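A.B. asks: please find the sequence and the predicted model below.
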Amino acid sequence: MAGRLIYVMGPSGAGKDSLLAFARKRLMGEPILFAHRYITRPSGHGEVHVALSVEEFAARSVLGLFALEWSSHSLRYGIGIEVDAWLARGCTVVVNGSRQHLQHTLVRYPHAEVVHVDAAPHILEARLGERARESAEQVAARLARRAPFSLPHGVRCTTIDNSGALDDAGHELIAVLKAESEVQ
């Protein structure tokens, strides 16, 4: 029995990490697993990930220990190969991914389902400023390069607006994760 890969993506500041934490807390004990991201950045700031040095990341990459990996904003991101075992056992696997890397993900996981999390521009700007990871100029540059994306025909996509209450968007995400997979 093959599982479902749910690829959660959206612009910085859309609240993906908050939504994923909300869902994870409420879905404990379900066959829904949240993949860890490995990132070449110290952990913190509300983002749950495994922090690796550039050298550690490179070593894992060379050993083939990432099912998915990409670069963004001068950082390296990876999703471990354990997701393949989870999918093989019929689990729903949730990945916090990148819009720019979606095409590569669909090559490896052609039946992946996409959840696009978004928020109003003024909300994105406020959240990015609150994170204090970047200067005001860097936040403005990040928002300015926010590019539209397109999905290949047949890719299942749900958009969640996370401009309002976390509970509302969180319950929307939970409904997507608990839904039955459409026959491929």
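C.D. replies: Looks like it came in fine.

A.B. asks: drop to CA atoms for contacts and neighbour counts, all remaining ones
C.D. replies: Fine.

A.B. asks: output the longest helix belonging to the protein.
C.D. replies: Determined from DSSP state H, the single longest helix within the chain is helix 166-178.

A.B. asks: dump the C-alpha coordinates for that helix into PDB.
C.D. replies: C-alpha atoms of helix 166-178 as PDB (Å, rounded to 0.1, in the frame of the first residue of the first chain):
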ATOM      1  CA  LEU A 166      -4.500  30.000  13.000                       C
ATOM      2  CA  ASP A 167      -7.300  27.700  14.200                       C
ATOM      3  CA  ASP A 168      -9.200  28.300  11.000                       C
ATOM      4  CA  ALA A 169      -6.300  27.600   8.600                       C
ATOM      5  CA  GLY A 170      -5.100  24.800  10.900                       C
ATOM      6  CA  HIS A 171      -8.400  22.900  10.800                       C
ATOM      7  CA  GLU A 172      -8.400  23.300   7.000                       C
ATOM      8  CA  LEU A 173      -4.900  21.700   6.800                       C
ATOM      9  CA  ILE A 174      -6.000  18.900   9.100                       C
ATOM     10  CA  ALA A 175      -9.000  18.200   6.900                       C
ATOM     11  CA  VAL A 176      -6.700  17.900   3.900                       C
ATOM     12  CA  LEU A 177      -4.300  15.600   5.700                       C
ATOM     13  CA  LYS A 178      -7.100  13.300   6.900                       C
END
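
A.B. asks: show me what it is packed against.
C.D. replies: Packing partners of helix 166-178 (3 or more Cα pairs under 8 Å, 6 or more residues apart in numbering; DSSP states H and E): helix 16-26, strand 157-161.

A.B. asks: show residues contacting it.
C.D. replies: For helix 166-178, the surrounding residues in contact (Cα atoms under 8 Å, 6 or more residues apart in numbering) are 6, 18-20, 22-23, 27, 32, 92, 158, 160-162.

A.B. asks: before we move on, the earlier item: so which of the helices and strands packed on helix 166-178 is the most surrounded?
C.D. replies: Comparing the helices and strands packed on helix 166-178 by mean neighbour count (mean count of other Cα atoms under 10 Å), helix 16-26 comes out on top with a mean of 18.

A.B. asks: the bottom helix or strand of the protein by mean pLDDT?
C.D. replies: Using mean pLDDT, DSSP states H and E, helix 136-144 stands out as the lowest-scoring helix or strand of the chain, at a mean of 68.

A.B. asks: which residues in the protein form helices?
C.D. replies: 16-26, 54-62, 82-88, 102-108, 121-131, 136-144, 166-178.

A.B. asks: just the CA trace of the second one, in PDB.
C.D. replies: Only the C-alpha atoms of helix 54-62 are listed here, as PDB (Å, rounded to 0.1, in the frame of the first residue of the first chain):
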ATOM      1  CA  VAL A  54      27.400  23.100   5.600                       C
ATOM      2  CA  GLU A  55      29.900  20.300   5.800                       C
ATOM      3  CA  GLU A  56      27.400  17.900   7.600                       C
ATOM      4  CA  PHE A  57      24.800  18.700   4.900                       C
ATOM      5  CA  ALA A  58      27.300  18.000   2.100                       C
ATOM      6  CA  ALA A  59      28.300  14.700   3.600                       C
ATOM      7  CA  ARG A  60      24.700  13.600   3.900                       C
ATOM      8  CA  SER A  61      24.100  14.700   0.400                       C
ATOM      9  CA  VAL A  62      27.000  12.700  -1.000                       C
END
